[in-house]
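Trainee: Provided below for reference: sequence and predicted model.
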Amino acid sequence: MLQSNHSYVETHPLEPVGPAEDLFIVGVSVFEITDFEPPLQRATVVGINLPDPGTFGPYNSYIATLEIPNDPAEELTDVPLEPTPNEDVWAGTTFLDFGGTLPPIDVSVRPQQEDGTRIGPVILQGTVFGEEVDGDNGNNEDNNNSPFRSRYRRK
């Protein structure tokens with residue numbers, strides 16, 4: 001977590017899972033509350049060393065889904081990830097609009113058809129905002145409805 005006199009920035013690693021568990025890939029999420037008036041909440045998701053999406057099936061892009069853990073109805077937004085020129089790094093950013101207390105936010109990255117007709121399995125997962133719950137190890141029975149093992153809570 002980085003803090004300055006103005007903006008607030010929090011970073012978290014994203015872990016490879018499912019069909020990507022044995023691949024040498026990594027991801028990171030960055031959450032920032034800016035010092036603009038009113039403050040903006042920006043979430044950025046980055047996948048590093050991702051293979052061509054077609055590696056996982058009939059896909060041609062990646063998408064990140066942000067959601068509030070343990071609440072399947074609380075999908076916040078989908079963030080299309082765009083490749084860098086060498087296509088090793090895929091990144092996307094979005095602005096969030098929350099009033100009051102900010103809930104924990106989880107993220108999952110999947111390959112997809114660019115037109116949204118087909119979405120693949122989760123290959124990266126983690127948190128955007130919140131902290132890992134000690135001793136849970138993703139086995140919390142309340143998390144069974146989550147599409148990935150949510151192990152995070154709001155600070």
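Mentor: Ah, there it is.

Trainee: element containing the residue most central in space within the chain, please.
Mentor: Nearest residue to the geometric centre of the chain (C-alpha atoms, centre = their mean): Val107, 2.7 Å. Secondary structure assignment for Val107, by DSSP states H and E: strand 105-112.

Trainee: Please name the residues that touch Val26.
Mentor: 13-14, 16, 47-49, 124 (C-beta atoms under 8 Å, 6 or more residues apart in numbering). C-beta: built from backbone N, CA, C; applies to glycine.

Trainee: what's the answer for Phe31, then?
Mentor: 9-12, 41-44, 105, 128-129.

Trainee: Thr77: which of those residues is nearest?
Mentor: The closest of the contacts of Phe31 to Thr77 turns out to be Ala43 (C-beta to C-beta; 8.4 Å).

Trainee: Setting the sequence-adjacent residues aside, check what's closest to that closest one.
Mentor: Val128 (5.0 Å; C-beta to C-beta, 6 or more residues apart in numbering).

Trainee: And the pLDDT for that neighbour?
Mentor: Val128 is assigned 87 on the pLDDT scale.

Trainee: which residues does the residue nearest to the centre of the chain bridge with?
Mentor: Leu66, Gly126 (DSSP bridges).
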